[in-house]
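Chemist: here's my sequence, what's the structure:
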Amino acid sequence: MASPALLMRVVASAYSAAEKAATIVRNVMAGGDLGIVEKTGANDLQTKADRLVQMSICASLAQKFPKVTIIGEEELPSDEVTEELIEDGHCEEILKKTCPAQYAGIKEEEAGPGAVLGRTIWGVLGIGAFGFQLTEAPAGKHIIVTTRSHSSALVNECISALNPDSVIRVGGAGNKVIQLIEGKASAYVFASPGCKKWDTCAPEAILHAVGGKITDIHGNSFQYNKEVKHMNSAGVLAALRNYDYYASRIPNTVKQSLVP
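Modeler: Here you go, the predicted structure:
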């Protein structure tokens, strides 16, 4: 029997690394000492869980796939990672899936894994996405999910232009995309340069795998090669269905304020 394609091995290992990371987060929370430090200011914090999770995921994947480029959010010292943080396993169910033909020839140095923590959700374009119940938002309703902590006049101007029936404010790009794929919201709108590539990478993979679309406010696709700038400087616009409806209603004043 042929060995599974590289992409499927990376995704299967990323799944197990995400499960390990979730356990690390729960253990830190249960211990009560979050080890909070400020990164660039009072609104940009890092916890002990953030540090341990990045160390675990990066070290676990780098050990198996040394040529894969892994870019993490946290600035961490290059200390040796202890053995208990390493996850060597993989998800057998993922390895049983047939790799889509367009990804069969991907080389290790071309791959880039992403993980969504909490529940472990995974997806591959051409296979689908798993770990949740795909649901569409109520027909005819315009429910906008947006930032909880980075609101501004520009963010609110953009949302108002969409004439929403209701607005949901939650933290995290992954959490916002989950609102879309589970039918709680119909569009994710963030007219601000507040999030970065590591915030949207894994959620984008999940959303695309189920037929959704995510871009910046101008409609430009995000690029994830290792040379790309990390900031999503022109905001985020996403929808599971009817993306074009929301894209057509973004005001020009908002677009002019956000430079790609």
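Chemist: how about the contacts made by the closest residue to residue 50 other than its chain neighbours?
Modeler: Excluding its sequence neighbours, the residue lying closest to residue 50 (C-beta to C-beta, 6 or more residues apart in numbering) is residue 74, at 5.5 Å. Quick note: C-beta positions are derived from backbone N, CA and C, even for glycine. By C-beta atoms under 8 Å, 6 or more residues apart in numbering, residue 74 lies in contact with 39, 46, 50-51, 54.
Chemist: pretty sure residue 70 is in contact with residue 56, am I right?
Modeler: No: using C-beta atoms under 8 Å, residue 70 makes no contact with residue 56, being 11.8 Å away.
Chemist: these two: who's more crowded?
Modeler: Each of residue 70 and residue 56 has its neighbours counted (other C-beta atoms under 10 Å); residue 56 has more, 22 against 16.
Chemist: list the contacts for the more buried one?
Modeler: Neighbours of residue 56 in contact, by C-beta under 8 Å, 6+ apart: 17, 20-21, 24, 81, 85-87.
Chemist: please name the nearest non-neighbouring residue to it.
Modeler: Going by C-beta to C-beta, 6+ apart, residue 56 has residue 85 as its nearest residue, at 4.3 Å.
Chemist: that neighbour: neighbouring residues, count only.
Modeler: 17.
Chemist: so which of the contacts of residue 74 is the most crowded?
Modeler: residue 50 (21 neighbours).
Chemist: now stretch 187-207: buried residues?
Modeler: The neighbour-count check on stretch 187-207 (16 or more other C-beta atoms under 10 Å) flags 187-207 as buried.
Chemist: three-state assignment of residue 204?
Modeler: helix (DSSP: H, G, I helix; E, B strand; the rest coil).
Chemist: got the confidence number for it?
Modeler: Listed pLDDT for residue 204 reads 96.
Chemist: and for residue 132?
Modeler: Value for residue 132, per-residue pLDDT: 93.
Chemist: A strand includes it, no?
Modeler: No: going by three-state DSSP, the assignment for residue 132 is coil, not a strand.
Chemist: and it, how many residues sit next to it?
Modeler: Residue 132, neighbours per other C-beta under 10 Å, totals 15.
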